[in-house]
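Student: Following is a predicted model, sequence given first.
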Amino acid sequence: MRKITTFVFLLALGSAWAENVAEKAKYKRAEALEQIVYLDVPLRNFGSEKPELVKDYDAAKQKYSVALSFFFEDNFVESYKLFLEVQNSLEKLYEQMSLFYIDRTNTVLQQAVKEATEIEIRYNRKAPFATQTIGDKREAGVRIGADKKPVALEKRLYDPQEIHYLYDKKAMIDNIDYGFMQLGQAKVARQKAMDLEKWLEKGKPMPPTMKKSRIDSYKAAINMCRQAKVNGIMVMQLNRIYDNYELQTKFKDNYFMKEKRLDPVFDFAIPDTYKKDANDSRNSIHDREDRIKIKGEDPAKLAQEERKATKSAEAAPANSNKPK
């Protein structure tokens, strides 16, 4: 009787363990997939500047596919182990990607500061532009006098298109202020993620839950950098507020051009160097936006090309990384 009871107990214990590992593998799979999907847009936008990260990202995706095959074979122990390895690889990717975003955001904000400094000096309320006497007559040109002879009007001593700087100057400074505040928060979030190991006992490995928290902190740093870049780019847009006058002539027949919600690829007020950052902050792929909305390429054909590229990358045997 005791033997039967012991056997039943061990059988129940084994079933509970198997179920526990299955649940762990299930949740770890969902976590890994979400983390992989999030990195897709940043790496497709800036992969040319960080090719080594693209290589590591492709390796992580390949390892994920191997883990997924084990998962569907109900080999939850092996799949869970591989999902943990995927998480470890992604953790390093997020750490490097967050640093890249901080550096990139700093570049955008420094350019914004450079432009705003010139505006703040030239259009200060105590500068000659704001204190000059214009006179009673404000329009330039000529008029016809009572004696039917043309009379020259008083000419403006400034370019009327520059008046907006007097009130947009504050908005530019505010955007820089918010941008650097968000950049500072991104640096704090990244540093907190890197300091998590301080809470562990010496020689003790970091548990999976803490690794997830670390990745979430890196992700928060990237999100804050994206928002900070939006503020920096807004400064550049305010500095070039009249550059979009030619939209109606250059893109008047473009179906995608909407002035009320202008996409970065159409916005002449955004320097070409930073249009990729503007699209990335919207979680959009810059190359795809440019090819479809500006060059007029067929979205279906573009999607077919992307699928072909994916198939070529998957040409290697899917099970080549499986343990023997």
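Tutor: Received it, and whenever you're ready, just let me know what you need. Not measured: the values here are computed from a predicted model.

Student: my read: Lys50 touches Leu39, true?
Tutor: No: under the criterion of C-beta atoms under 8 Å, Lys50 makes no contact with Leu39, lying 11.2 Å away. All C-beta atoms are positioned from the backbone trio N, CA, C, and that covers glycine.

Student: shared neighbours of those two, which are they?
Tutor: Met97 (C-beta atoms under 8 Å, 6 or more residues apart in numbering).

Student: more crowded one of those two?
Tutor: A direct count of neighbours by other C-beta atoms under 10 Å for Lys50 and Leu39 places Leu39 higher, at 20 against 17.

Student: give me the element that one is part of.
Tutor: helix 2-46 (DSSP states H and E).

Student: Which neighbouring elements make contact with the next helix or strand after that helix?
Tutor: Beyond helix 2-46 in the direction of the C-terminus, DSSP H and E gives the next helix or strand as helix 51-72. Packing partners of helix 51-72 (3 or more C-beta pairs under 8 Å, 6 or more residues apart in numbering; DSSP states H and E): helix 2-46, helix 76-122.

Student: List the buried residues of helix 51-72.
Tutor: By 16 or more other C-beta atoms under 10 Å, the buried positions in helix 51-72 come out as 53-54, 56-57, 60-64, 66-71.

Student: Gln227 reaches Gln182, doesn't it?
Tutor: Yes: Gln227 is in contact with Gln182 according to C-beta under 8 Å; the separation is 5.2 Å.

Student: okay, these two: which has more neighbours?
Tutor: Legend: neighbour count by other C-beta under 10 Å for Gln227 and Gln182, higher for Gln182 (22 against 17).

Student: could you check the angle helix 76-122 makes with whichever strand or helix holds the more buried one?
Tutor: Secondary-structure assignment from DSSP H and E places Gln182 in helix 165-194. Relative orientation of helix 165-194 and helix 76-122, computed by axes from the mean of the first three to the mean of the last three C-alpha atoms, to 10 degrees: 150 degrees.

Student: mind showing which ranges of this protein have poor pLDDT?
Tutor: Along the chain, the model assigns pLDDT under 70 to residues 1-19, 125-160, 309-324.

Student: what do you get if the cut-off is 90, keeping everything else the same?
Tutor: Along the chain, the model assigns pLDDT under 90 to residues 1-23, 117-170, 195-209, 240-263, 291-324.

Student: Show me what the helix or strand just after the helix holding Gln182 is packed against.
Tutor: Counting by DSSP H and E, the next helix or strand C-terminal to helix 165-194 is helix 208-239. Here helix 208-239 is seen to pack against helix 2-46, helix 76-122, helix 165-194, helix 272-281 when contacts are counted using 3+ C-beta pairs under 8 Å, 6+ apart.

Student: would you turn those into JSON lines with distance to Pro299?
Tutor: Output for the helices and strands packed on helix 208-239, formatted as JSON lines (distance: least, C-beta to C-beta, whole Å):
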{"stretch": "helix 2-46", "distance to Pro299": "16"}
{"stretch": "helix 76-122", "distance to Pro299": "27"}
{"stretch": "helix 165-194", "distance to Pro299": "33"}
{"stretch": "helix 272-281", "distance to Pro299": "16"}
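
Student: between those helices, which gets nearest to Val235?
Tutor: Nearest to Val235, of all the helices and strands packed on helix 208-239, is helix 76-122, at 3.9 Å by C-beta to C-beta.

Student: helices or strands up against the closest one?
Tutor: Checking 3+ C-beta pairs under 8 Å, 6+ apart, helix 76-122 ends up next to helix 2-46, helix 51-72, helix 165-194, helix 208-239, helix 272-281.

Student: Show me what counts as buried in the third one.
Tutor: Buried residues in helix 165-194, counting neighbours by 16+ other C-beta under 10 Å, are found at 165, 168-169, 172-173, 175-176, 178-180, 182-183, 185-187, 189-190, 193.
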